[in-house]
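*Asks:* next one to model:
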Amino acid sequence: MAPQTFTYLGSPAQGSTTPTPVASAPAPCVVPKLRGKELKAARKRIKAADCKLGKVTRKGTVGRGAKVVKQTPKAGTVRAAGSKVDVVLGAA
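*Replies:* Numbers count the residues shown, from 1 in each chain. Below is the predicted model of the structure:
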């Protein structure tokens with residue numbers, strides 16, 4: 001009779017578990033520089049920075065092409081994720 005080859009597959013050790021992914025904290029909102037940007041571009045930058053657009057105020061009689069002339073809080077400020085950034089639009 002020819003020799004036989006066996007492979008043994010053991011069971012996992014008692015108490016071992018499959019690693020569960022840990023939910024990480026959301027990235028903070030780092031307020032981007034918005035001055036000189038049109039509202040559409042400002043929205044994109046705010047979203048990319050994990051912030052939300054807050055109050056939008058128009059200064060004077062501005063129409064299409066209005067740009068951000070003021071923002072609160074200032075660029076570079078670190079806030080909790082989802083914090084609101086208020087902007088004031090003015091003439092270009």
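*Asks:* can you give me the strands for this structure?
*Replies:* Taking DSSP state E as the criterion, the chain carries its strands at 29-30, 52-58, 67-72, 78-79, 84-90.
*Asks:* turn the ones you listed into JSON lines, columns for mean pLDDT, mean neighbour count and distance to Thr5.
*Replies:* For glycine as for every other residue, the C-beta is placed from the backbone atoms N, C-alpha and C. Below are the strands of the chain laid out as JSON lines (pLDDT from 0 to 100; neighbours: other CB atoms under 10 Å; distance: least, CB to CB, whole Å):
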{"stretch": "strand 29-30", "mean pLDDT": "95", "mean neighbour count": "18", "distance to Thr5": "60"}
{"stretch": "strand 52-58", "mean pLDDT": "95", "mean neighbour count": "13", "distance to Thr5": "64"}
{"stretch": "strand 67-72", "mean pLDDT": "96", "mean neighbour count": "18", "distance to Thr5": "72"}
{"stretch": "strand 78-79", "mean pLDDT": "96", "mean neighbour count": "13", "distance to Thr5": "62"}
{"stretch": "strand 84-90", "mean pLDDT": "96", "mean neighbour count": "18", "distance to Thr5": "68"}
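*Asks:* can I get the ones you listed in TSV including distance to Gly36?
*Replies:* Below are the strands of the chain laid out as TSV (distance: least, CB to CB, whole Å):
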stretch	distance to Gly36
strand 29-30	18
strand 52-58	16
strand 67-72	5
strand 78-79	22
strand 84-90	10
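*Asks:* so which of those comes closest to Ala41?
*Replies:* With distances scored as CB to CB, the stretch of these nearest to Ala41 is strand 67-72 (8.9 Å).
*Asks:* that closest one vs strand 84-90, what angle?
*Replies:* Counting by axes from the mean of the first three to the mean of the last three CA atoms, to 10 degrees, strand 67-72 points 140 degrees away from the direction of strand 84-90.
*Asks:* so what touches strand 67-72?
*Replies:* Under the criterion CB atoms under 8 Å, 6 or more residues apart in numbering, residues 31, 34-39, 42, 54, 59, 85-92 lie in contact with strand 67-72.
*Asks:* again, but for stretch 81-92
*Replies:* Under CB under 8 Å, 6+ apart, the answer for stretch 81-92 is 26-29, 31, 34, 39, 42, 46, 50-60, 62, 65-73.
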